[in-house]
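Participant: got a structure for you, letters missing:
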RNA sequence: GGCUGGAUGGCAGAAUGGUUAUGCAGCGGAUUGCAAAUCCGUUAAAAUCGGUUCAAUUCCGAUUCCAGCCUCCA
C-alpha cells in the first residue's frame, strides 16, 4: 500500500508501527454550524480509507476530535442566546445524523476537547517548564524557535513567514511567529487555569488528544488540505517537543470541494449543507460523486455532475436487476485489479473504470446468452462495488416512499393492460402521471421496470 | 512576496517514455406503438515555448493562467 505523505511530498510505502495495527487521527470540526458537503467529502474520504484498510486486514484505531470550545462557538452562542453546551451538542448530533445519512460510520472514538481541559493544561505547563513556552498577560505562547525543523510540513521558512506576517501580530508575543497555547478570555465565559480564565489554543488540543488516544507516535494523521498550515505545522512542533520525533508516520490531506471553482467554506457563504443535498440524492450517489475524483484533488461541485452520477448508478442497477447476480465461484481478476488501483494511494478513479470494464463484460456475456457467466460477473460487480461503497443495497434505489410502492405496481399492471389493448392514449396518461412522482418507466420485452429519478 | 497543487478531447477525469483508460455528451446504425432504456459501431486531447531522447501528454527548464495556504477553515 502506497500513500502520499505531505511531509515527504511523495508516495510512501505504508509500514505500520505495530505489525498489522494502524492508528489514525483526523482533525474534526469546530462545532458551531451544520456540515456542508465539503465536510461531507472529508468525512467520506477518511471513512473510505478506514474501511478499505480494514478490508485489507489491518486492525484500526480511528480517532477524530471535536472542538467544542472556540471563539466562534462563544460568539454564536451570544448571538443566538443559546448556551454553548446546548449549541455544541445540537451541532454534534446534527453531524452524526448527516454522517449516517451519507452512509458513513463514525470513528471509533470522538473525544471532545472540553472533556480534557485538565490534561491540556497539564501539557501546556510541561511546555512552560521545559522553556518551550512563555506567559504574557494571562496568555501562554509557544516559542517557535525552540523547534528546529519548524516549517518542514508546509515547506515554509521562518524568514518568509516573517516577511508576510510583519504587519499583524499580537503585541504580547515575543516573536511574531509564536502561537497561542492558552488564550485569555475576552468574554465572561472561560475555563480556570493557572494563567487566566480562558481557553486552550487550537493546535494544542490535537497534540494532547492524539497522545491520549494513540500514544506518543501513530501511523496516519489526516485532515483537510487547508489545515497543513498553520494547524498541522504547529501541532507537529508541539507534539515533537512533548512526545516523540517524529510523532506521525504519514501526513495525509484531502482536497477541497469547490463551488464555481472557489473553495466551499462558511466564510465565503457558498456552502451547500449535507442535510439539504441528501434529500434529493441518496448517499450512494454522493459517494460515487466523491469516488470519481482522486481524494487529493479538488472537486468542483455541480448538480449536473450529481445527475450524471445518479444516471450511471441507475444504469448499473438496471443491469443488475435484469441479470440477477448469482455466485458461482470467485473470479479474482477484477478484484485484483481494483486492489492494485487502491493500493496506489487510493486511486478510486481507476477502480471505478475497472468496475465499468466489468460491467461491459457482464453485459456482453448476457447478450451472448452465457447466462451463468453473466450472473457470476454480475455478482462480482456487487462484491467490488461494496468495497468502493456503492451498490450496497438495491433497495435504496427504489422510491423513497414518496409514493406507495404497491400503488406503483398496480398502476404499471393497469398500464400494461391498456398497452395490450393498444389503448396507448390511456397507457401514456398513466406513464405521465407517474413522472410527476419522479418515477421513470422502462418497457422491455420481458417486463416493465421502474426507477426513482 | 513565499509555499503547495494544478492546466489532458465538448464536459468530467485516470494512467503512462512507444500501444492514448473510463464515464457523460456527440455522430452513424439496430431495436421500439410512442417514450425511455438498451445494444453495436465511431469521432475527438494534452496551456505556451524550449531542452533531453531513436521516441515526450508523460522527464527537465522557462512563461502564462487557475486554485489553495500564509486570519478562522475540512
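Facilitator: Arrived safely. Because the structure is predicted, anything quoted here is derived from the model rather than measured.
Participant: what's next to the helix or strand where residue A:4 lies, contact-wise?
Facilitator: Element membership for residue A:4, per DSSP states H and E: strand A:2-5. Strand A:2-5 has contacts (CB atoms under 8 Å, 6 or more residues apart in numbering) with A:10-14, A:220, A:249-252, A:296, A:343-346. Quick note: C-beta positions are derived from backbone N, CA and C, even for glycine.
Participant: tell me the gap between that strand and the middle of its chain.
Facilitator: Remark: strand A:2-5 is offset 18 Å from the chain centroid, using CA atoms, centre = their mean, to the nearest Å.
Participant: do the same with stretch A:91-102
Facilitator: Centroid displacement of stretch A:91-102 relative to its chain, using CA atoms, centre = their mean, is 12 Å.
Participant: please see if it touches RNA strand B.
Facilitator: No - Stretch A:91-102 stays clear of RNA strand B (CB under 7 Å from any atom of the strand), getting no nearer than 10.2 Å.
Participant: residue A:333: how many residues sit nearby?
Facilitator: Neighbour count of residue A:333, defined by other CB atoms under 10 Å: 11.
Participant: and the gap between it and residue A:365?
Facilitator: 14 Å (CB to CB, to the nearest Å).
Participant: before we move on, back to that, in the contacts of strand A:2-5, find the pair that's most separated.
Facilitator: Greatest spacing in the contacts of strand A:2-5, by CB to CB: A:251 and A:343 (19.1 Å).
Participant: quick revisit: out of the contacts of strand A:2-5, list just those in strands.
Facilitator: A:10-13, A:220, A:249-252 (DSSP state E).
Participant: and those as a markdown table, adding distance to residue A:30?
Facilitator: Shown next, in a markdown table, are those (distance: CB to CB, whole Å):
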| residue | distance to residue A:30 |
| --- | --- |
| A:10 | 31 |
| A:11 | 31 |
| A:12 | 30 |
| A:13 | 34 |
| A:220 | 22 |
| A:249 | 26 |
| A:250 | 24 |
| A:251 | 20 |
| A:252 | 20 |
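Participant: buried subset of the residues you listed, written for ChimeraX?
Facilitator: Only the buried entries of the ones in strands among the contacts of strand A:2-5 go into this ChimeraX selection, using 16 or more other CB atoms under 10 Å:
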select /A:220,249,250,251,252
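Participant: which of the ones in strands among the contacts of strand A:2-5 come close to RNA strand B?
Facilitator: Counting by CB under 7 Å from any atom of the strand, no member of the ones in strands among the contacts of strand A:2-5 reaches RNA strand B.
Participant: RNA strand B: which of the ones in strands among the contacts of strand A:2-5 is nearest?
Facilitator: residue A:10 (8.6 Å; CB to the nearest atom of the strand).
Participant: now for the closest one: which residues touch it?
Facilitator: residue A:4.
Participant: please name the bridge partners of it.
Facilitator: Here residue A:10 sits in beta bridges with residue A:5, going by DSSP bridges.
Participant: now swap in residue A:64 and tell me
Facilitator: The partner residues for residue A:64, given DSSP bridges, come to residue A:26.
Participant: any idea how far it is from residue A:96?
Facilitator: Taking CB to CB, one finds residue A:64 at 12 Å from residue A:96.
Participant: overlap of the contact sets of those two?
Facilitator: Overlap of the contact sets of residue A:64 and residue A:96 (by CB under 8 Å, 6+ apart) consists of residue A:106.
Participant: what number of residues lie near residue A:80?
Facilitator: Residues near residue A:80, counting by other CB under 10 Å: 11.
Participant: next one: residue A:7
Facilitator: Count around residue A:7 with other CB under 10 Å applied: 19.
Participant: rewinding a little: more neighbours: residue A:64 and residue A:96, which one.
Facilitator: Set residue A:64 next to residue A:96 and count neighbours by other CB under 10 Å: residue A:64 wins out with 23 against 13.
Participant: isn't that one right up against residue A:28?
Facilitator: Yes - using CB atoms under 8 Å, residue A:64 is in contact with residue A:28, at 4.2 Å.
Participant: and for these two, which residues touch both?
Facilitator: With contacts defined as CB under 8 Å, 6+ apart, the residues shared by residue A:64 and residue A:28 are residue A:110.
Participant: from the contacts of strand A:2-5, pick the one nearest residue A:151.
Facilitator: Nearest to residue A:151 among the contacts of strand A:2-5 is residue A:251, at 13.9 Å by CB to CB.
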